[in-house]
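>>> Here's a sequence, model it:
(chains A, B and C)
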Amino acid sequence: MKKNKLLLISGAFALLASVPAMAEDLVIGLATAQTGGLAPYDQPNLAGLQMKIDEINAAGGIAGKFPIKTIIKDTRSDSAQTALVAQELVDAGAQLIITPCDADPSIAAGMITQGAGIPAISFCATTPTLPLAVGDFMFSNYPADNVQAAMLAAHAIESGYKTAYILTSPDSAYTLKLPQYFGEAFTAKGGTVLGEGTFSMGQQDFSAEVTKIAAMDPKPDVIMTSAYEPDFPAFVRQLRGAGVMTPILGSDGIDSPTTFGLGDLVEGVVFSTAGHATAGSPLEAFNAKWTEKTGAAPDTIYIANGYDLGNIIEAAVTAADSVDPAAIRDGIANLENLQGVTGPITYKGTIGMPLRSVSLVRIKAGDRELVAQGQPDPADIPAP
Amino acid sequence: MTTSDEILLSIEGLTVSYGAVEAVRGIDLTVKRGEIVTLLGANGAGKSSTLNALVGLAPRKARRMLFDGTDLLALPPETIVRRGMTLVPEGRRVFSSLTVDENLMLGGAKHAARGNPAAVKTNMLELFPILAERLHQKAGSLSGGEQQMLAIARALMSSPDLLLLDEPSLGLAPQVVDRIFDLIGNLRDRGLTILLVEQNVVQSLEIADRGYVLANGRVELQGSAADLRASPEIQDAYLGA
Amino acid sequence: MSMDIFLQQLLNALSLGGTYALLALGLAVVFSIIGLINFAHGELMTVTGYAICFALIWGLPFPLAVIAGLVVAIAAALLMERIAFRPVRGASGTTLLLTSFAVSAILRVLFQNIISARPIPVSIPSSMSGVVTIGPLHLGMIQLISIVVTLVMLLGLNLFLHRTMAGRAMRAASEDFAVLRLMGIRANFVVATAFAISGLLAGVAGLLWVAQRGSVDPLMGALPVLKAFIAAIIGGLGSLSGAVAGGFLLGFIEVILQAYLPDSLLPYRDAFAILLVIAVLLFRPQGLLARKTLVKL
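Numbers count the residues shown, from 1 in each chain, chains lettered A, B, ... in the order given. From the prediction side, this is the model:
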């Protein structure tokens, strides 16, 4: 309130001095996990976003007139706490809210922000049903599960795989649905899913499941899973330990230093990810800039992903030419072919989940080898 | 019976409280070297609490608590035991899943660093031949009388100067009770000083040199065993005269 | 063929159950002495993981890094006892439990804020990813190591408990701590020994856990301590042999359900496992090998 009065007074002086424009802050509320299970994803995203925000403010704000103010609060990776934090941010006057890198807390926060008419963007939730569950003020900032699955299925068919085995965990939407989307897309293109195994997240014991896979007759041509740490390394170790050498497809959750530290175990594994720095690409330039600024090369795509969230906000507010929440929402929803550092980003025509470039990467001698990059044919993407 | 005048244990103003409940309310007590002193009194009079307080197992306060010249008040049970005073607790409390041998060896833990627990054990098995027979049985498989023997033998393994015995005859058959009292006399003859808590007033006063009668946490009566036996209070309350 | 598969699954159950047994034993050793369920036991595993990780980064060869990890685990357990649990020793079970939750939560936040919220890779030597083939049976190297290490630890602990004065004192303390002190044995010594053993068990379990996953993260202790808790409850809290039996039974239940539940029910495997645990407790409310324990000082 005090600040508003101050603005009014300075506004009055500004009028007297007949200066046309007046700085107006964009207040972004960040409900992010600084502790708990989501911290590993939220923190690098936040670091990337912070870099973009610093750049924007150094240039006098978005479009030179909307400096960004942030309010950052810890959700402790807890959904109830995320809702509470979202309410606090709304009360504090946030015009845009960023939610954690997972559908569940984002839905919890979305229930608050949707009602308040404030747009919310999840750092990197991949569940395509997230905006459907919340409403038209909810967005995410990552290639959706079904988009990744379509890319992987297309690759499987191109590689000549006829049969597949999928390994899911009912413990999260990501580990359950992504392989199932893969199964749908693979079947639609003429492949056959021979079976679906399950695991409990965090359990690290795949011995019973691996024994079943080893005994399969006929054996599948490929195994697809969205298991990530610590499950994926344990699964691969135990699978190869049982003498099963079937190729493995994974998704972006395994794009981590641990995977690349597994050596021979993961040789040849192909996985989908949100970005791959080819020579001369914007991502390569971003990585160089980041390295120069922090002294260390980015070890995860989530940093660039967070930076791209900054690009999205900048573009949406510029298009809206306003910090009015409803106008920002419309700005995001109408973004088309925005050139981010990870590739082109489009919200127009989607339901809150952006159409973004997906890269398929093969692990070769502990390094990355690009297999494919781009967006799948929209007709091949399984319905959410 | 070689009672000297040397005071081994001297307590002034001992109180024991469990939360708001005062079990012992300021008692004075002395034990001289070579004596058998008995603490008598009804259930809940504060006898067991007194013994537990002496070895540091009950929360205690006192103006003075000296054993053989050492102030006991600041010491934990394990140190008090190592200084030469130990307790055979009520209900025997042998380590029932351990063998007789292991119970005895633990009793002699004090000698483990220097000295020879095995030699002390050999002595003990001469004193308690029944334990030699049962050496490798689980203590829980012994009869009540045998467990009491083991509890006493285990306490003696620490070669104490003063032995506190809490209701050693509780729940035992009459012949066994007699054997326990014979043993207590025998131990005193070997030079051990004993503070005995008993409900068996007749046999206690027969064997003891002196006694204290507690009621509601206070000393109600004290004197030589002979005087106590003759006192009208004891006659009325316990001896049914 | 299906007999081979059954044997293979039994071997799998043995390996998983062994890890659970080590974990449950770590909880039971401390519980049997001071009545504390140490939920920070999982963080001892995490500490071990970080110690191995940093020792490797520092350039120590793997066997030395493992020894460093175990030493750090024991030291951390002793420190935990000295700093957090000794001041509340003898307090009510609830106080002890809450203290252990607090220790666990504080350590997790410290790991996240001081080390990293994200998993740090641990390079496990490739010799630990091999396969051993025994007739028709395949055994991953880490599975084999878990089985062998579990047996060695159980045997070693058994010898320690029965052949040494400190071991006898621990068994006696689990029956009657107060009387043990009347033997002239220092309470602090016995409690510290229990924590040291629990730290060693957590260290070994942590090593096996980290070897499977190839990384350490601040929250990795949460799930194992839960499994350990369930196993210890099945076995009868406070009973060491019960903890071992409970660990193997839990491993067996999980593997057999995973192997033989129909596909449509597989997503509910954990629910079935817990149901079986409840069934065991309905028949034996005190646990498999419960023993009356006196927990007082």
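>>> got the contact list for the nearest residue to residue B:215 once chain neighbours are set aside?
Closest residue to residue B:215 apart from its sequence neighbours, by C-beta to C-beta, 6 or more residues apart in numbering or on different chains: residue B:45 at 5.4 Å. (Each C-beta comes from the backbone N, C-alpha and C, glycine too.) Contact analysis of residue B:45 by C-beta atoms under 8 Å, 6 or more residues apart in numbering or on different chains lists B:214, B:215, B:216, B:217.
>>> I'd guessed the last one sits against residue B:46; true?
In other words, residue B:217. Yes: Residue B:217 is in contact with residue B:46 according to C-beta atoms under 8 Å; the separation is 4.1 Å.
>>> Can stretch A:181-197 be said to contact chain C?
Yes: residues of stretch A:181-197 contacting chain C under C-beta under 8 Å from any C-beta of the partner chain: A:195, A:196, A:197.
>>> My assumption is that the second one lies in a helix; please confirm.
No: the assignment for residue A:196 is strand, going by DSSP: H, G, I helix; E, B strand; the rest coil, so no helix is present there.
>>> Quickly list what it is bridged to.
residue A:166 (DSSP bridges).
>>> you'd agree residue C:141 is up against residue C:130?
Yes: in terms of C-beta under 8 Å, residue C:141 counts as a neighbour of residue C:130; the distance is 4.4 Å.
>>> Return every residue with contacts to both of those two.
residue A:241.
>>> So which of those two has more stuff around it?
Higher neighbour count among residue C:141 and residue C:130: residue C:141, with 19 against 13, using other C-beta atoms under 10 Å in any protein chain shown.
>>> Next, the contact list for that one, please.
Neighbours of residue C:141 in contact, by C-beta under 8 Å, 6+ apart: A:241, C:127, C:128, C:129, C:130, C:131, C:132.
>>> Which elements pack onto the helix or strand containing residue B:185?
Using DSSP states H and E, residue B:185 sits within helix B:174-189. Counting contacts by 3 or more C-beta pairs under 8 Å, 6 or more residues apart in numbering or on different chains; DSSP states H and E, helix B:174-189 is packed against strand B:36-41, helix B:144-156, strand B:193-197, helix B:201-207.
>>> how about a cut-off of 7 Å?
helix B:144-156, strand B:193-197, helix B:201-207 (3 or more C-beta pairs under 7 Å, 6 or more residues apart in numbering or on different chains; DSSP states H and E).
>>> tell me what the second one is packed against?
Translated: strand B:193-197. strand B:36-41, helix B:47-54, strand B:162-166, helix B:174-189.
>>> so who does the residue in chain A positioned nearest to chain B touch?
Closest approach between chain A and chain B, counting by C-beta to the nearest C-beta: residue A:205, at 33.6 Å. Contacts for residue A:205 (C-beta atoms under 7 Å, 6 or more residues apart in numbering or on different chains) come out as residue C:16.
>>> tell me the pLDDT at it?
pLDDT for residue A:205: 89.
>>> So what does it have for phi and psi?
The phi and psi values for residue A:205, taken as degrees, to the nearest 10, are phi -110, psi 110.
>>> where does the residue nearest the centre of chain A land in three-state SS?
By C-alpha atoms, centre = their mean, chain A has its centre lying nearest to residue A:124, at 2.6 Å. Following three-state DSSP, we place residue A:124 in the coil state.
>>> Spatially nearest residue to whichever residue of the stretch 1-150 of chain C sits closest to chain A (excluding sequence neighbours)?
Proximity of the stretch 1-150 of chain C to chain A (C-beta to the nearest C-beta) peaks at residue C:140, 2.8 Å away. Spatially, and ignoring its direct neighbours in sequence, residue C:140 is nearest to residue A:241 (2.8 Å; C-beta to C-beta, 6+ apart).
>>> Burial check on that neighbour, number of neighbours?
Other residues close to residue A:241 by other C-beta under 10 Å number 24.
>>> From residue C:246, how far out is it?
Residue A:241 is 27 Å from residue C:246, where distance means C-beta to C-beta, to the nearest Å.
>>> Please, a PyMOL command that selects the buried ones among the contacts of residue C:141?
In PyMOL, this line selects whichever of those come out buried by 16 or more other C-beta atoms under 10 Å in any protein chain shown:
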select buried, (chain A and resi 241) or (chain C and resi 128+129)
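>>> Compile the contacts of residue C:141 into CSV and extend it with columns for pLDDT and secondary structure.
What follows is those, written out as CSV (pLDDT from 0 to 100; DSSP: H, G, I helix; E, B strand; the rest coil):
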residue, pLDDT, secondary structure
A:241, 85, helix
C:127, 80, helix
C:128, 80, helix
C:129, 75, helix
C:130, 78, coil
C:131, 81, strand
C:132, 84, strand
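>>> Let's have the contacts of residue C:141 in CSV, adding distance to residue C:195.
CSV is the format used below for the contacts of residue C:141 (distance: C-beta to C-beta, whole Å):
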residue, distance to residue C:195
A:241, 34
C:127, 33
C:128, 29
C:129, 33
C:130, 35
C:131, 37
C:132, 35
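>>> ok, of the contacts of residue C:141, which one's closest to residue A:285?
Closest approach to residue A:285 among those (C-beta to C-beta): residue C:129, at 37.7 Å.
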